[in-house]
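A.B. asks: Would you be able to build a 3D model of this:
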Amino acid sequence: MTENEIAKIIVDCAYKVHYKLGPGLLESVYRECLLFEMKKAGLKALKEVPISVVYDEIKMDCGFRADIIAEEKVVVEVKAVEALNSVFLAQTLTYLRLTNCKLGLLINFHVIKIKDGIKRVVNGL
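C.D. replies: Alright, predicted model coming up:
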């Protein structure tokens, strides 16, 4: 399955979660429900995936964690904030580089229409 095919399934799952729950809940609630929907849709998805940093040729476990990684190809960062800002986009791009993934989805559930809360972030795709 390609990154774009995986992303389509994830976006469909995000729509389901947002439709059922609406805005206003904690990020952790959306992450768990999105993960549930993704697994129900047949995706292999892991939450709170540790991300190491190689600095000066030394692997360091610095406590970075990706919210969800699907099929070992797509990084999903879940937010529940008033507005997405450039730091969230930069964070997602950094996670893509550190995991060697090519596609990330930054999904903010604190919106009226979920389509306004989904941003694609690419790393050489």
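A.B. asks: Does L96 lie in a helix or a strand, and which?
C.D. replies: Assigned by DSSP states H and E, L96 belongs to helix 86-99.
A.B. asks: Quick check: buried residues in that helix?
C.D. replies: Of the residues in helix 86-99, F88, Q91, T92, L93, T94, Y95, L96, L98, T99 count as buried by neighbour count, 16 or more other Cβ atoms under 10 Å. Every C-beta, even on glycine, is put in place using the N, C-alpha and C of the backbone.
A.B. asks: And stretch 74-84, by the same measure?
C.D. replies: V74, V75, V76, E77, V78, K79, A80, L84.
A.B. asks: List just the nearest of those residues to E27.
C.D. replies: The closest of the buried residues of stretch 74-84 to E27 turns out to be A80 (Cβ to Cβ; 4.3 Å).
A.B. asks: That closest one and I107 touch, don't they?
C.D. replies: No. Using Cβ atoms under 8 Å, A80 is not in contact with I107; the gap is 9.5 Å.
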